[in-house]
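K.L.:
here is my input; please provide its structure:
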Amino acid sequence: MATRYQVILAISLTVLPLVSFGEITKCDKLTSCSCKTDKGVVDLTPLTGTNGPRFKDFPAPSGDKFSWNPCKPFSEGKCKGVAACQIQNLIPPSYFNIGSQDSATFSIDQGLKLTYNADTFFDQPGAPNTARTTKVSLVCDESNDPGELTVDGETPAGSAVYLMTLTSKYACEAIPSSEGGISVGTVLDIILLVGAALYICVGVGFQKYARKAEGREIFPNYSFWVGLPGLIRVEDLWLDTLATMPDDDRCRQLGDYMTNFWGSMFKDISATTGDQFSWNPCKPFTEGGCKNVAACQIQNANPPAYFNIGTQDSAKFQVKNGALTLTYTATTFLGSELEAGFLRTAIITLVCDKTVEGTLKATGEKPASSGKYLMTLTSKYACESSGSDVTVTYSLSVGSILVITFVSLLVVYVAVGVSVQKFVRKAEGKEVIPNLNLWSSLPGLIKAGFLFTVKCGKGGQYDNI
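P.N.:
Down below sits the predicted model:
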């Protein structure tokens, strides 16, 4: 007596051979060399010849030769801008256009076929027009890369119908990871990279020519980016600076807004003496022979000499003659450390100007050989704030920035999308618009969703959405 599993196995073995797996029943044209099935896409683009036909002068049993190129027109002899060409076995040979790219159609006729048409006029004056048709049978073979073409030629003779068969992995249905072929992540990466490039190029141009910025200030939102690592940190570093200040001056601070976390915020600022000076508020930096300093003198020599003229832990705020100064000190040993050290002092006068992001002017050593180095910072961060928070204002509102970002990304999306569709996927006509099906169906989807919401789901078929 047969068991239940034996019955199931017998039924499976009987039914499965009747089921046709992988048979294509429909393929809607996307381009002249690709079509979309219910499961995926048949795309012959990788077989496209760029400097002539991919399949050139393939012989038929009749002795004639045939050339064919998917996707892109080619010229050979008197065949100009064609998809397929017949080279008749004569002396000299005759060339006949037997199909153009724009006539390409996909159909199911004992398998998937790609058909081309063309009207051909014989060379003789007054000769009749002959409509010629080329039919290429597309046979899927995953192991055949790039593919083989066999040519049957004119079948039957005198019919002006020319048969070929392409056996290739590219005649198989490819199931894309997404509708666009390129993943969403790849598209977002492209948009992000191009958007960043636009941001830098447009921002630098705007800073340099509209705002007349110079030096590092031409980088858009420079203070924001250099201060970002400090803003991300959980610990509020600038509170440490405030803790060392007198109570009366506690509301005066520079904070991390003008701190460079990779080097000096103000680097190699030239003084009238010919020397250069670098300074970084809040965090130590290293430049040349200056190691972990707050300020550095680069003496005008060959090679240049570097001197530590102040450390962060020596910072003091003082008010002299109504002006707020930030003073640093450091002891520098000219020779060996066994010799007496030379005390150097950097004195930075802080000037409040709410219209200036931050500019530093270096006066240099004054008086000469005094070991005192004078600089002046003019900045909105040198102004008193109302409390512990510093409000940073921008000339562009958040809304303006969002609009500029949206428009920039839209332009990038259209430009990159059209390029991919046209040059990578060989799309034509309106198909070059990226995600055409989505955008063309979007109004209908919005309408259906609106009606469903208004009717609270009653009296409608939500499946239509």
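K.L.:
got a pLDDT number for the residue nearest to Ala60 when sequence neighbours are not counted?
P.N.:
Counting by CB to CB, 6 or more residues apart in numbering, Ala60 lies nearest to Gly153, which is 3.0 Å off, once chain neighbours are set aside. C-beta coordinates here come from the backbone N, C-alpha and C atoms, glycine included. What the model reports for Gly153 is a pLDDT of 89.
K.L.:
phi and psi next, for Gly153.
P.N.:
phi 80, psi -160 (degrees, to the nearest 10).
K.L.:
wait, it sits on Ala84?
P.N.:
No. Gly153 is beyond contact range of Ala84, at 12.0 Å (criterion: CB atoms under 8 Å).
K.L.:
common neighbours of those two, please.
P.N.:
Phe66, Tyr162 (CB atoms under 8 Å, 6 or more residues apart in numbering).
K.L.:
ok, these two, which is more surrounded?
P.N.:
The neighbour count for Gly153 versus Ala84, taken as other CB atoms under 10 Å, is higher for Ala84 (28 against 19).
K.L.:
can you pull the contacts of the more buried one?
P.N.:
Ala84 touches Phe66, Ser67, Trp68, Asn69, Asn97, Ile98, Gly99, Tyr116, Thr134, Tyr162, counting by CB under 8 Å, 6+ apart.
K.L.:
could you look up the SS state of the fifth one?
P.N.:
Right, the one you point to is Asn97. Assigned with DSSP: H, G, I helix; E, B strand; the rest coil, Asn97 falls in the strand class.
K.L.:
check the second one too.
P.N.:
Judged by three-state DSSP, the three-state class of Ser67 is strand.
K.L.:
who does it bridge with?
P.N.:
Partner residues in beta bridges with Ser67, using DSSP bridges, are Cys85.
K.L.:
neighbours around it, how many?
P.N.:
Ser67, neighbours per other CB under 10 Å, totals 26.
K.L.:
got it, and the fourth one?
P.N.:
Burial of Asn69 is recorded as 24 neighbouring residues (other CB under 10 Å).
K.L.:
domain parsing of the protein, as residue ranges.
P.N.:
For the chain, automatic domain parsing gives the domain ranges 18-171, 221-382, 406-464.
K.L.:
centre-most residue in the chain?
P.N.:
Residue closest to the mean C-alpha point of the chain, counted by CA atoms, centre = their mean, is Ile190 at 2.2 Å.
K.L.:
that one - that's part of a helix, no?
P.N.:
Yes. Under three-state DSSP, Ile190 falls within a helix.
K.L.:
which residues touch it?
P.N.:
By CB under 8 Å, 6+ apart, the neighbours of Ile190 are Val412, Val416.
K.L.:
check Lys372 too.
P.N.:
Neighbours of Lys372 in contact, by CB under 8 Å, 6+ apart: Arg344, Thr345, Ile347, Glu365, Lys366.
K.L.:
tell me the one of these nearest Ala210?
P.N.:
Ile347 (34.8 Å; CB to CB).
K.L.:
where does the closest one land in three-state SS?
P.N.:
Per three-state DSSP, Ile347 ends up strand.
K.L.:
ok, the one 10 residues further on next?
P.N.:
Counting by three-state DSSP, the backbone at Glu357 sits in coil.
K.L.:
thought it was touching Glu217?
P.N.:
Yes. Using CB under 8 Å, Glu357 is in contact with Glu217, at 6.6 Å.
K.L.:
re the thing from before, distance check, the residue nearest to Ala60 against Asn221.
P.N.:
Gly153 sits 68 Å away from Asn221, taking CB to CB, to the nearest Å as the criterion.
K.L.:
host element of Leu445?
P.N.:
helix 436-454 (DSSP states H and E).
K.L.:
where does pLDDT dip in the stretch 301-450 of the chain?
P.N.:
The model of the stretch 301-450 of the chain has pLDDT under 70 over residues 333-340, 385-400, 402-403.
K.L.:
okay, helices next: where are they in it?
P.N.:
Along the stretch 301-450 of the chain, the segments classed as helices by DSSP state H, counting those that start in this stretch run 398-419, 436-454.
K.L.:
for the longest one, buried residues please.
P.N.:
Buried residues in helix 398-419, defined by neighbour count with 16 or more other CB atoms under 10 Å: Ser408, Val412, Tyr413, Val416, Gly417.
K.L.:
likewise for the shortest one?
P.N.:
Of the residues in helix 436-454, Ala448, Phe452 count as buried by neighbour count, 16+ other CB under 10 Å.
K.L.:
quick one, that helix and helix 398-419 angle?
P.N.:
130 degrees (axes from the mean of the first three to the mean of the last three CA atoms, to 10 degrees).
K.L.:
so how far is helix 436-454 from its chain's centroid?
P.N.:
29 Å (CA atoms, centre = their mean, to the nearest Å).
K.L.:
swap in stretch 198-215?
P.N.:
For stretch 198-215, the distance to the chain centre is 21 Å (CA atoms, centre = their mean).
K.L.:
in a helix, Thr120, correct?
P.N.:
No. Under three-state DSSP, Thr120 falls outside any helix and is assigned strand.
K.L.:
relative to Lys447, how far out is Ile269?
P.N.:
Distance from Ile269 to Lys447, by CB to CB: 62 Å.
K.L.:
then Tyr306?
P.N.:
Separation of Tyr306 from Lys447 (CB to CB): 70 Å.
K.L.:
just Val432 next, same as before
P.N.:
Val432 is 26 Å from Lys447, by CB to CB.
K.L.:
nearest spatial neighbour of Pro304, skipping sequence neighbours?
P.N.:
Ile298 (5.1 Å).
K.L.:
tell me the contacts of the one you found?
P.N.:
Asp268, Asp275, Gln276, Phe277, Ser278, Glu287, Gly288, Pro304, Ala305, Tyr306.
K.L.:
now, the residues you listed that are in strands?
P.N.:
Asp268, Gln276, Phe277, Ser278, Glu287, Ala305, Tyr306 (DSSP state E).
K.L.:
who wins for neighbours among these?
P.N.:
Of all the ones in strands among the contacts of Ile298, Phe277 has the most neighbours under the rule other CB under 10 Å, reaching 27 neighbours.
K.L.:
so that residue sits against Gln297, correct?
P.N.:
Yes. Using CB under 8 Å, Phe277 is in contact with Gln297, at 5.8 Å.
K.L.:
any residues in contact with both of these two?
P.N.:
Counting by CB under 8 Å, 6+ apart, the residues touching both Phe277 and Gln297 are Ile309, Tyr373.
K.L.:
any idea which of the contacts of Ala84 is closest to Cys172?
P.N.:
Of the contacts of Ala84, the one sitting nearest to Cys172 (CB to CB) turns out to be Trp68, at 18.9 Å.
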